[in-house]
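>>> Just a sequence and a predicted model for now, questions to come.
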Amino acid sequence: MKVKISLMVSFLFILACNKNDVEGMQIEGGIKDSRHGAGVSGASVLVQEQVVEGGALNGALQFAVQTTSDGSGDYTANFERKNALIYNIDFTKTGYFNVAREVNPDNLSPGVGYTVNTVMTPEAFIEVNIFNANPETSEDFMRFRYMNANFDCECCGNSWTEFTGTIVDSTLSCRLHGDYTLYYTFEVNRGEDVVELDSVFCPAFQTTVLNIGY
């Protein structure tokens with residue numbers, strides 16, 4: 001009798017495991033560094049879902065699962081199957097730009113892994129110190145702008161920043177892609193126009209300081 005009970009418990013356990021395997025969803029993939037294609041280890045992978053509950057759409061994203069990429073940049077996220085309309089995946093790691101991906105639930109099948117690969121770009125920072133080193137009159141005028149600052153950062157842009165007067169000492173900060181050559185130009189009007197065009201290389205994970213005195 002004890003043997004039969006033990007066998008029955010084992011059988012029920014196996015059935016439960018198989019049921020979970022069938023009903024479970026899986027998203028997997030690899031995370032690569034945009035510079036050289038090496039795997040990004042230790043990146044957070046957060047899967048959120050928008051589900052239908054009680055016949056009504058829940059507009060808020062709900063937590064599904066969170067995992068971390070391994071030493072090769074690979075990850076596997078297993079989570080419970082629900083009546084979801086969309087899955088959002090957020091890839092984050094300190095020192096990198098965040099990446100967000102959407103997955104259509106129709107692409108997922110219970111018990112079958114669905115691959116979502118992505119590329120993450122390292123960040124860098126630049127501080128441009130602009131100062132009037134040779135003030136003459138209150139009409140001294142200078143304007144500065146980047147030429148290829150197209151990044152996911154409100155602090156960066158390619159529009160002009162203007163300075164007027166004898167007392168100018170300002171710092172412009174920008175978060176940009178690492179290992180990136182940033183082109184910039186500035187114009188000085190002090191009796192005659194002076195136009196400069198130059199560039200600066202910004203290494204990944206570092207802050208580059210650029211001083212412009214005019």
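Sure, I can see it. Residues are numbered from 1 along each chain as shown.

>>> Each with direction, which strands does the host helix or strand of residue 208 pair with?
Mapping residue 208 onto the secondary structure by DSSP states H and E places it in strand 207-213. Here strand 207-213 has these sheet partners by DSSP bridges: strand 123-131 (parallel).

>>> contact partners of the partner strand?
With contact meaning Cβ atoms under 8 Å, 6 or more residues apart in numbering, strand 123-131 is reached by 95-97, 142, 144, 163, 168-180, 182, 184, 186, 200, 202-214. Just so you know, the C-beta spots here come from the backbone N, C-alpha and C atoms, and that holds for glycine as well.

>>> 7 Å instead, please
When contacts are defined by Cβ atoms under 7 Å, 6 or more residues apart in numbering, strand 123-131 is touched by residues 95-97, 144, 163, 168-178, 180, 182, 202-213.

>>> Show the buried residues in the residues you listed.
96-97, 144, 163, 168, 172, 174-178, 180, 182, 202, 204, 208, 210, 212 (16 or more other Cβ atoms under 10 Å).

>>> follow-up on the earlier one: now do the same for the strand holding residue 208: mean pLDDT, whole number.
Strand 207-213 comes out with an average pLDDT of 98.

>>> do the same with stretch 26-46
For stretch 26-46, the per-residue pLDDT averages 97.

>>> Out of the buried ones among the contacts of strand 123-131, which sit inside strands?
Using DSSP state E, the members of the buried ones among the contacts of strand 123-131 that fall in strands are 144, 163, 172, 174-177, 180, 182, 202, 208, 210, 212.

>>> Let me have these in JSON lines, extended by distance to residue 27.
Formatted as JSON lines, these follow (distance: Cβ to Cβ, whole Å):
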{"residue": "144", "distance to residue 27": "45"}
{"residue": "163", "distance to residue 27": "50"}
{"residue": "172", "distance to residue 27": "40"}
{"residue": "174", "distance to residue 27": "34"}
{"residue": "175", "distance to residue 27": "29"}
{"residue": "176", "distance to residue 27": "30"}
{"residue": "177", "distance to residue 27": "26"}
{"residue": "180", "distance to residue 27": "30"}
{"residue": "182", "distance to residue 27": "35"}
{"residue": "202", "distance to residue 27": "33"}
{"residue": "208", "distance to residue 27": "37"}
{"residue": "210", "distance to residue 27": "42"}
{"residue": "212", "distance to residue 27": "47"}
